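A.B. asks: Kindly generate the corresponding structure for this input.
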Amino acid sequence: MNVTGIRNLQINEAVLKAHVIVPENITNASSGKIDLNVAPVLVKRTRVRVKAWHLDPKAFCTTLHAALKSTVTGYVMQLQQHGKLIETLQWNWAKTPVDGSIGWTPQVVMHVASLSKMITAIAMTKALDTKGISYDASIAPYLPAYWAKGPNIGSVTFRQLMTHTSGFTSGGADFLSVKAQVAAGVPLVKPAQYENSNFSILRVLLPVVHGDVAASTNFPLLNDQLWDSVTISSYQSFVITNIFTPTGSTGTLTHGVGYALAYNSPATGPGWNSGDTSSISGAAGWHFSVANLLKIMGSFRRGNTIFTPAHAQQMLDNMFGIDWKLPRAGDGAFSYSKNGLWHKGAQTEQGVAMYLPEDMELVVFVNSPINATQSFLETVVLNAYNANIK
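C.D. replies: Numbers count the residues shown, from 1 in each chain. Here you go, the predicted structure:
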């Protein structure tokens, strides 16, 4: 089927008509949200010295393992420096015996939820750079023309979407939800508020910026299905071409047979398969192993495969697709961190990805809550890190 305004993408009319914009596995699940105005509470260090501070990797691993091992169904962690793996921890079940007995290793894949926002920010920055479009340009000309645009949408920029400062304050991450939020508009004075919709809108915008879809594309009766299906396909293709291929990594939006399941803690009964999450791609959706995500992060930061190291550092300092830029206790060197959380009731999959001082990157996956109080993984990891700077 040919549709005016779409290039390089094959459209199957039967598949398009069958496309479900909000599948059941998405309606029964939810994402974690954070308050961007309240940084994680960290262990304080009062001792000051002139000598440089350094992480003790072995002591960090001991502290982190002690904090997690008796409180989660399972976890895996890898730490690399200068692109070389220096530490690995793996403990207990990615899939418990009732689900087939798969133990955690760095090669086991899990849905990484909002860690996907790092990928979307890299992809969007790449597309904008390629087309010579400013990060501070209005998103309005690149939104689907048939969408209603509410108050002040013309003042929303790509930078604001990538930093949760757009003014969007409520709603889901699927196509229909973000369409409704654009129609509702935003306040002129925009609060900093974490919203998945920012990155779902980026998924819709990226194919228009890249040139796969014209903003004027219109297909009577099936416009929503067309735009949702085509932008998912284009977004996925762009990420594969511009991020996975140059870094030698892989990722999927679907859930494979051997992937980790989500459990409560302690695990009781079968785990939860969060399923195909492509309908919320951009904000969440990607499935990675720790090893593959760490490969992407290292290549992005220093590999010259996606950006120059200087450009990558600029992205981190701009906080595109990350949650926090935090000074390290002791010497003030910055760490950059991103949290991901997806759950159905107490059954939880969560992860943390960090760009650390001393040219280190860290990834931790956990497939349950942390103890009955459901401690915030990002704080647990950062406290273990800061406690072992010597």
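
A.B. asks: use CA for all of it now, contacts and neighbours both
C.D. replies: Will do.

A.B. asks: where do the helices sit along this protein?
C.D. replies: Here the chain has its helices, by DSSP state H, at 13-18, 24-27, 57-68, 116-131, 158-162, 175-184, 197-210, 223-239, 245-247, 290-302, 309-318, 377-386.

A.B. asks: CA atoms of stretch 235-247 as CSV?
C.D. replies: In CSV, the C-alpha atoms belonging to stretch 235-247 read as follows (Å, rounded to 0.1, in the frame of the first residue of the first chain):
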residue,chain,number,x,y,z
TYR,A,235,12.0,4.8,15.3
GLN,A,236,13.2,1.2,15.7
SER,A,237,14.9,1.3,12.3
PHE,A,238,16.7,4.6,13.1
VAL,A,239,18.0,3.2,16.5
ILE,A,240,19.2,0.0,14.8
THR,A,241,21.0,1.9,12.1
ASN,A,242,22.5,4.7,14.1
ILE,A,243,23.1,3.2,17.5
PHE,A,244,23.1,-0.6,17.5
THR,A,245,25.0,-1.2,14.2
PRO,A,246,27.8,1.2,14.9
THR,A,247,28.3,0.0,18.5
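
A.B. asks: so how far is it off the chain centroid?
C.D. replies: Put simply, stretch 235-247 sits 15 Å off its chain's centre (Cα atoms, centre = their mean, to the nearest Å).

A.B. asks: Stretch 304-316 too?
C.D. replies: 18 Å.

A.B. asks: Which positions in it come out as buried?
C.D. replies: By neighbour count with 16 or more other Cα atoms under 10 Å, stretch 304-316 contains the buried residues N304, T305, I306, F307, P309, A312, M315, L316.

A.B. asks: Contact partners for the residue lying closest to the third one once chain neighbours are set aside?
C.D. replies: For I306, the nearest residue in space outside its immediate sequence neighbours is F300; the separation is 5.8 Å by Cα to Cα, 6 or more residues apart in numbering. Residues touching F300, when contacts are defined by Cα atoms under 8 Å, 6 or more residues apart in numbering, comprise I306, F307, P309, A312.

A.B. asks: Give me the distance between the third one and L128.
C.D. replies: In this case it means P309. Distance of P309 to L128, given as Cα to Cα, to the nearest Å: 18 Å.

A.B. asks: Over to the second one?
C.D. replies: If you measure F307 against L128 using Cα to Cα, the figure is 13 Å.

A.B. asks: ok, now the first one?
C.D. replies: For I306, the distance to L128 (Cα to Cα) stands at 13 Å.

A.B. asks: What is the end-to-end distance of stretch 189-203?
C.D. replies: 24 Å.

A.B. asks: Quick check: buried residues in it?
C.D. replies: Buried residues in stretch 189-203 (16+ other Cα under 10 Å): 190, 192-203.
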